[in-house]
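Colleague: Sequence and computational prediction follow.
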Amino acid sequence: MSTIRAAITAVGHWVPEKILSNHDLEKMMDTNDEWIRTRTGIRERRILEKGATSDLGAGAVQDMLRKRGMSAEEIEVLIVATVTPDMFFPATACMIQEKIGAKHAWGFDFSAACSGFVFALTVGSQLIESGTYKKVVVVGADKMSAITDYTDRNTCILFGDAGAAVLLEPSSDPSLGIIDHRLYCDGSGGRYLNMLGGGSLNPPTHETVDKKMHFIYQDGKAVFKVAVIGMAEVSYEIMKRNNLTGKDVDWLVPHQANLRIIDACAERMELDKSKVMMNIDRYGNTTAATIPLCLSEWQLSGKLKKGHHCVLSSFGAGYTWGAVYLKWAY
Ligand code: COA
């Protein structure tokens with residue numbers, strides 16, 4: 001058993017300036033602010049007009065490095081969770097590495113959709129705990145607007161663009177840092193939430209474009225039913241495994257897909273709503289970025305404090321879902 005524990009020792013984020021509000025969407029399609037707010041909790045989302053996912057990720061890592069007072073050249077590994085890579089290859093990790101000047105880092109992309117950050121954080125923490133690396137950066141970044149069909153009112157209201165990043169280092173206090181994780185996937189859920197076109201199964205053709213196969217497809221009702229149970233159960237499971245009750249947990253840091261899914265999760269954990277990080281109203285679902293974006297905002301505001309017990313929890317395409325339990329280390 002490793003005696004090294006990985007801890008998040010810095011966090012940062014970057015979001016584009018352009019805001020797409022529910023009222024803006026009202027002018028584009030048959031929808032309304034009241035429907036969107038009551039069904040999802042979203043008021044507005046950010047849109048990256050120029051640039052790609054690597055710009056969101058690079059901005060986030062630079063913000064994190066500035067806060068930590070660290071140079072990009074000190075980064076050893078760069079893991080980028082995303083479903084909207086700049087292109088199939090090279091990896092977006094390579095694009096970010098070049099943009100920020102992380103000359104000594106190697107890296108790779110990680111595809112687990114909305115669970116991407118939780119999965120990548122787990123992998124990154126193992127690289128630290130193995131004793132092989134001392135500075136691993138995990139980025140969650142998605143330019144969802146690039147794969148969103150703004151004529152499909154069922155899905156386009158949900159998504160936004162953002163990037164956020166954390167630094168993992170060996171914890172100087174072994175009681176703090178990443179303590180446990182539970183990760184799952186179930187490929188039978190793939191048909192309910194996907195992007196069918198562009199890969200080796202359906203390479204791009206005029207037909208795939210005409211059939212809108214390069215956009216996100218979601219059967220919202222089907223996904224909702226599984227997500228609401230999956231996220232609540234895995235959060236409850238990790239709490240029980242670590243002998244925690246709702247009273248012990250300081251923060252639930254949930255993936256921000258739908259306010260009602262988050263509420264159900266908090267309820268299952270018997271957690272007061274004041275202990276739930278929530279910014280879905282301002283950003284919508286930014287896929288791999290939601291959880292580190294919450295951590296970054298709460299850290300910046302001073303509400304997230306050293307020693308706080310946090311449960312990070314997600315559900316997304318795949319299906320993939322999981323939770324990480326950590327004690328905040330700085
Ligand atoms: N504005 C107004 N009406 C809309 C609308 C919109 N943007 N989108 C759908 N509607 C309509 C539907 O057409 C439907 O009308 P009908 O009853 O006449 O057919 C009605 O509103 C209800 O739609 P429904 O799909 O049943 O809504 P819902 O309560 O299931 O909410 C989602 C839809 C997408 C918000 C919800 O299903 C959801 O959040 N799903 C899971 C998302 C998720 O967690 N993803 C996983 C991680 S990415």
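Modeller: Now that the structure is in, tell me what you want to look at.
Colleague: Distance check, residue 191 against residue 157.
Modeller: Relative to residue 157, residue 191 is positioned 22 Å away (CB to CB, to the nearest Å). To be clear about C-beta, it is placed using only N, CA and C from the backbone, and glycine gets the same treatment.
Colleague: and the two? which has more neighbours close in?
Modeller: Between residue 191 and residue 157, counting by other CB atoms under 10 Å, residue 157 is the more crowded of the two (22 against 11).
Colleague: check contacts around the more buried one.
Modeller: Applying CB atoms under 8 Å, 6 or more residues apart in numbering to residue 157 gives the contacts 22, 25, 31, 36, 40, 42, 284.
Colleague: can you check residue 267 too?
Modeller: residue 232 are the contacts of residue 267 under CB under 8 Å, 6+ apart.
Colleague: what helix or strand does it sit in?
Modeller: helix 259-268 (DSSP states H and E).
Colleague: Show me the domain layout of the protein.
Modeller: The chain breaks down by automatic domain parsing into domains covering 6-170, 177-327.
Colleague: pretty sure residue 249 is in a strand, no?
Modeller: No - checked against DSSP: H, G, I helix; E, B strand; the rest coil, residue 249 lies outside a strand; its state is coil.
Colleague: Just give the nearest non-adjacent residue to it, would you?
Modeller: Spatial nearest neighbour of residue 249, excluding adjacent residues (CB to CB, 6 or more residues apart in numbering): residue 309 at 5.2 Å.
Colleague: surely the one you found meets residue 327?
Modeller: Yes - counting by CB atoms under 8 Å, residue 327 is a contact partner of residue 309 at 5.8 Å.
Colleague: For the protein, what lies in contact range of the ligand?
Modeller: When proximity is defined as CB under 6 Å from any ligand atom, the chain approaches the ligand at 31, 35-36, 39-40, 114, 153-154, 157, 220-221, 223-224, 227, 257-258, 261, 285, 315-316.
Colleague: Which ones among these lie within strands?
Modeller: Counting by DSSP state E, those place 315-316 in strands.
Colleague: Just the buried ones from the residues of the chain next to the ligand?
Modeller: Buried residues within the residues of the chain next to the ligand, defined by neighbour count using 16 or more other CB atoms under 10 Å: 31, 36, 40, 114, 157, 220, 223-224, 227, 257-258, 261, 285, 315-316.
Colleague: Select from those residues every entry located in helices.
Modeller: Counting by DSSP state H, the part of these found in helices is 36, 40, 220, 223-224, 227, 261.
Colleague: okay, these in a markdown table with distance to residue 242 and pLDDT next?
Modeller: Compiled in a markdown table, these are given as follows (distance: CB to CB, whole Å; pLDDT from 0 to 100):
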| residue | distance to residue 242 | pLDDT |
| --- | --- | --- |
| 36 | 36 | 97 |
| 40 | 31 | 95 |
| 220 | 33 | 94 |
| 223 | 28 | 96 |
| 224 | 28 | 95 |
| 227 | 23 | 96 |
| 261 | 22 | 96 |
